[in-house]
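Q: My questions are about this predicted structure, shown below with the sequence.
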Amino acid sequence: MVAVQTLTARLAAEWLEVLGGFAINQDEDGLPAGTRTLLLIGPAEPGFWLHLTSQPEWDGTPDPVDRWSRRVIGRLACDLGAKALFPFGGPPYHPFYRWALRSVQVWESPVRLLVHARQGLMVSFRGALALKEPVAVPAPASRPCDNCPAPCLTACPVGALSGTGYDLPACHGFLDRPEGKDCMTGGCLVRRACPVSQSYARLPEQSAYHMRRFHK
């Protein structure tokens, strides 16, 4: 039996936390046979980025975040008799977007990006644990967008993110210009406009790293 307190402590030691999860009553395509609980794992701030950048994987070679995630979450899965699943390494890719929506901790925002009850539009997943036994999952939360004026809809200077979808060429084109420096160094203005994101202690350095990876 997986003890929730033990799992929470193991994750906290790596500045990770359960961002959502759901029970599974019967085998489903895309999940290991016998999975009865899926837990979505992501960064816990403040502290995650400083911890991650002090790890052996941060050695100047490619994909340090993914390599660290495989080592840490993979080891935890082995210790728990579970299976580690990751949002990278495809194709094919695991449906983390769909899994997140099932968790009742994450929803589709007005700009179609995922929004988390506590992390807002800064939510990200480093992996998932497919457990072979029922484990308590976070209780359903209230969707933060329901009583929000949706500043995300008007935050992008070129309208690349809107209620109709994502204009990727417009986004990259803006980031190529001097006006895009704020997004490149501090993170996407749309994500930062979310009131919940503003209360989440994600460092600009982390956002800048991911923006560089995105806008190669």
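A: Yes, it's here. Numbers count the residues shown, from 1 in each chain.
Q: Which positions in the lengthiest helix in the chain come out as buried?
A: Within the chain, and with DSSP state H defining each element, the longest helix by residue count is helix 64-80. For helix 64-80, the neighbour count (16 or more other CB atoms under 10 Å) marks Pro64, Val65, Asp66, Arg67, Trp68, Ser69, Arg70, Val72, Ile73, Leu76, Ala77, Leu80 as buried. C-beta here means a position set from N, CA and C on the backbone, and glycine is covered the same way.
Q: Kindly report the same for stretch 43-54.
A: In stretch 43-54, counting by 16+ other CB under 10 Å, buried: Pro43, Ala44, Glu45, Phe48, Trp49, Leu52, Thr53.
Q: among those residues, which two are most distant?
A: The most widely separated members of the buried residues of stretch 43-54 are Ala44 and Thr53, with 15.0 Å between them, by CB to CB.
Q: hey, where'd the helices end up in the chain?
A: 4-12, 48-52, 64-80, 96-102, 168-175, 181-186, 189-193, 195-198, 204-214.
Q: Format those as TSV; extra columns: mean pLDDT and distance to Leu31.
A: Listed next are the helices of the chain as TSV, based on pLDDT from 0 to 100; distance: least, CB to CB, whole Å:
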stretch	mean pLDDT	distance to Leu31
helix 4-12	92	19
helix 48-52	97	26
helix 64-80	97	13
helix 96-102	97	9
helix 168-175	98	30
helix 181-186	97	36
helix 189-193	98	29
helix 195-198	97	29
helix 204-214	96	27
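Q: Switch those helices over to TSV; also include distance to Gly21.
A: Converted to TSV, the helices of the chain look like this (distance: least, CB to CB, whole Å):
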stretch	distance to Gly21
helix 4-12	11
helix 48-52	19
helix 64-80	14
helix 96-102	9
helix 168-175	31
helix 181-186	31
helix 189-193	23
helix 195-198	20
helix 204-214	24
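Q: so which of those helices comes closest to Leu129?
A: Between those, helix 64-80 lies closest to Leu129; by CB to CB that is 5.7 Å.
Q: what angle do that closest one and helix 204-214 make?
A: Relative orientation of helix 64-80 versus helix 204-214 (axes from the mean of the first three to the mean of the last three CA atoms, to 10 degrees): 100 degrees.
Q: Taking the centroid of the protein, which residue is nearest it?
A: Among the residues of the chain, the one closest to the centroid is Ser124, at 1.2 Å (CA atoms, centre = their mean).
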